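fold the following.
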Amino acid sequence: MHYLSTRGGIAPIGFAEAVTMGLATDGGLLVPAELPRVDASTLTRWSSLDFRELALELFTPFVGAAIPRHDLSALIERSYASFTHPEVTPVVARGDLRLLQLFHGPTAAFKDIALQFLGNLFEYLLAREGGRVNILGATSGDTGSAAIQGLRGKERIQVFILHPKGRISAIQERQMTTVLDANVHNIALRGTFDDAQRIVKSLFEDLPFKSAYHLGAVNSINWVRILAQMVYYFFAWGRISGGDPERRLSFSVPTGNFGDVFAGYLARRMGLPVERLVIATNRNDILTRFVHTGVYAVGEEVHRTLSPAMDIQIASNFERYLYYLHEGETGRVRALLEAMRKTGRLQVEPAHHAQVQLDFSAAAASDAETLEQIAATFAASGDILCPHTAVGVHAARGVPDCVCLATAHPAKFNEAVREAIGREAAPPPSLRGLLDKEVRCVELDATVDAVRGHLESRLGAAA
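Predicted coordinates:
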């Protein structure tokens, strides 16, 4: 399997290089040169596999000869050994409501599923090929803690995570800043997540700096993030369908950066019987507006909401979708992105907008609707939803045979939970006592120069 850039400016590369490159050197995102197809008999066979076995089967064609199968299997086993549920991502049914629980990993959020694997993959490749990597990532709340847990203490790796100061939950912040391993560096930016993401992308696009300081990516610009998240769509379908290839399901996905729902989109392109993919957003509804109008336009500001991990306007994985929407026409992708850069707005042609509406439906939820959904679900079933999951459940109303992705444990957002139902969710062991631990973090202005200078000061002279 080879990988290409959405902007068409690089020669095809292999899987191992795609992992370490992160963002393509032409500024685009990496995509597989072709998607393997999964036929009905394979779907039926896969439906009986456990999560780890399924991950091995799904990963194999994308990894190709880059990693021997027995090594890949060992990486997968190690990556999911720390999950507290034997099924890793179980499906829970409550009447007509189905929840795909993605929060049984070490940081109680869906990002663990990809980042535990990616952390072990980085370590494996560096040990085999030599060298070092300095991970630079931005987080709207959950990516940072999952990346830190996946990379803490690993040799040959330093990890720098940017988060928007005061715009994530107290638990999310402490999950990062209480990790005191020498290779972990937390940075609170005086700005928004979009600022943090812009800075990271700018530094990756500075090719001399990226090369000199051996920068690597853990944000969903890294292809492996998408690959790992595809597994639980196939897994949920298998657990519900019993392997019947005629059984079609819909999925409602709370999303801000478009990576999680894009994984579902690729799973459907591979042959998974998906009826609808529902994009669920909060007040920061640029993706919902795009589905409804065909126009992707930045608003005046990023609004602070009860679902802070989705407080995003510029969704990094949207570029990958544009590539597939335009059937790999990289020139058209570049033109749309240039219009976005100049005007803050892009618009797809009517025929492409019609395809968008076949690919997705979308709905946004206000904070009031989010609280209402948490309360309604609790009253009906006793289940407590995190506010992001509540946005997804709200968006799924009226969608038959729909699986809602439960993206985080509710105890990570107990302020919202308390406001909705008058009580808090009991924290899992991984979240207990965080507010009493020592913290380590630096605060910087939200500028490229400030972050560049900090990296230079911490890493010393470039190699």
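
neighbouring contacts of stretch 350-365?
Contacts to stretch 350-365, defined as C-beta atoms under 8 Å, 6 or more residues apart in numbering, come from residues 261, 265, 276-283, 285, 287-288, 290-294, 325-326, 348, 373, 390-391, 394-395, 399. Every C-beta, even on glycine, is put in place using the N, C-alpha and C of the backbone.

ok, of those, which come out buried?
261, 265, 276-283, 285, 287-288, 290-292, 294, 325-326, 348, 373, 390-391, 394-395, 399 (16 or more other C-beta atoms under 10 Å).

out of those, which sit inside helices?
261, 265, 287-288, 290-292, 325, 373, 390-391, 394-395 (DSSP state H).

most widely separated two among these?
Using C-beta to C-beta, these span at most 30.5 Å, a distance reached by L325 and Q373.

tell me the contacts of R320?
T6, L29, V31, I226, F262.

cool, R132 as well?
R132 is in contact with L126, R156, I157, Q158, H214, counting by C-beta under 8 Å, 6+ apart.

any idea how far it is from V159?
R132 sits at a distance of 12 Å from V159 (criterion: C-beta to C-beta, to the nearest Å).

residues contacting V231?
F51, L54, A55, L58, T89, I113.

mind putting those residues into TSV with neighbour count and secondary structure?
Formatted as TSV, these follow (neighbours: other C-beta atoms under 10 Å; DSSP: H, G, I helix; E, B strand; the rest coil):
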residue	neighbour count	secondary structure
F51	23	helix
L54	20	helix
A55	28	helix
L58	23	helix
T89	24	coil
I113	26	helix
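
just the closest of these to V417, please.
For these, the nearest to V417 is T89 (21.9 Å; C-beta to C-beta).

between the contacts of R132, which sits nearest G331?
Among these, and counting by C-beta to C-beta, the member closest to G331 is H214, at 31.5 Å.

tell me if I'm right that that closest one and G130 touch.
No: H214 lies out of contact with G130 (C-beta atoms under 8 Å); the separation is 11.5 Å.

looking at those two, which has the bigger crowd around it?
Legend: neighbour count by other C-beta atoms under 10 Å for H214 and G130, higher for H214 (18 against 8).

where does the more buried one land on pLDDT?
pLDDT recorded at H214 is 93.

next: H454.
pLDDT, read off for H454, is 96.

where's it, which helix or strand?
Element membership for H454, per DSSP states H and E: helix 448-459.

low-confidence ranges in this protein?
The model of the chain has pLDDT under 70 over residues 461-463.

try 50
462-463 (pLDDT under 50).

which parts of the stretch 251-400 of the chain are strands?
274-281, 295-297, 345-347, 361-364 (DSSP state E, counting those that start in this stretch).

save those as JSON lines, and put in distance to A66 too.
What follows is the strands of the stretch 251-400 of the chain, written out as JSON lines (distance: least, C-beta to C-beta, whole Å):
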{"stretch": "strand 274-281", "distance to A66": "28"}
{"stretch": "strand 295-297", "distance to A66": "34"}
{"stretch": "strand 345-347", "distance to A66": "35"}
{"stretch": "strand 361-364", "distance to A66": "36"}
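
can you tell me which of these is nearest to R94?
Using C-beta to C-beta, the strands of the stretch 251-400 of the chain put strand 274-281 closest to R94, at 18.0 Å.

list the neighbouring strands of that closest one plus their orientation.
Using DSSP bridges, the strands paired with strand 274-281 are strand 249-254 (parallel), strand 361-364 (parallel).

can you pull out the helices in the stretch 1-150 of the chain?
In the stretch 1-150 of the chain, the helices defined using DSSP state H, counting those that start in this stretch lie at 15-21, 40-46, 51-63, 69-80, 111-129, 142-151.

how about those in CSV, adding distance to E443?
Converted to CSV, the helices of the stretch 1-150 of the chain look like this (distance: least, C-beta to C-beta, whole Å):
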stretch, distance to E443
helix 15-21, 30
helix 40-46, 47
helix 51-63, 38
helix 69-80, 33
helix 111-129, 23
helix 142-151, 15
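
need the winner for burial among those.
Per-stretch averages of neighbours, counted by mean count of other C-beta atoms under 10 Å, single out helix 142-151 among the helices of the stretch 1-150 of the chain, with a mean of 29.

just the CA atoms of it, as CSV, please.
C-alpha atoms of helix 142-151 as CSV (Å, rounded to 0.1, in the frame of the first residue of the first chain):
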residue,chain,number,x,y,z
ASP,A,142,-9.1,14.7,24.7
THR,A,143,-6.4,14.2,22.0
GLY,A,144,-3.7,15.7,24.3
SER,A,145,-4.2,13.4,27.3
ALA,A,146,-4.6,10.3,25.0
ALA,A,147,-1.3,11.2,23.2
ILE,A,148,0.5,11.8,26.4
GLN,A,149,-0.6,8.5,27.9
GLY,A,150,0.4,6.7,24.7
LEU,A,151,3.8,8.4,24.5
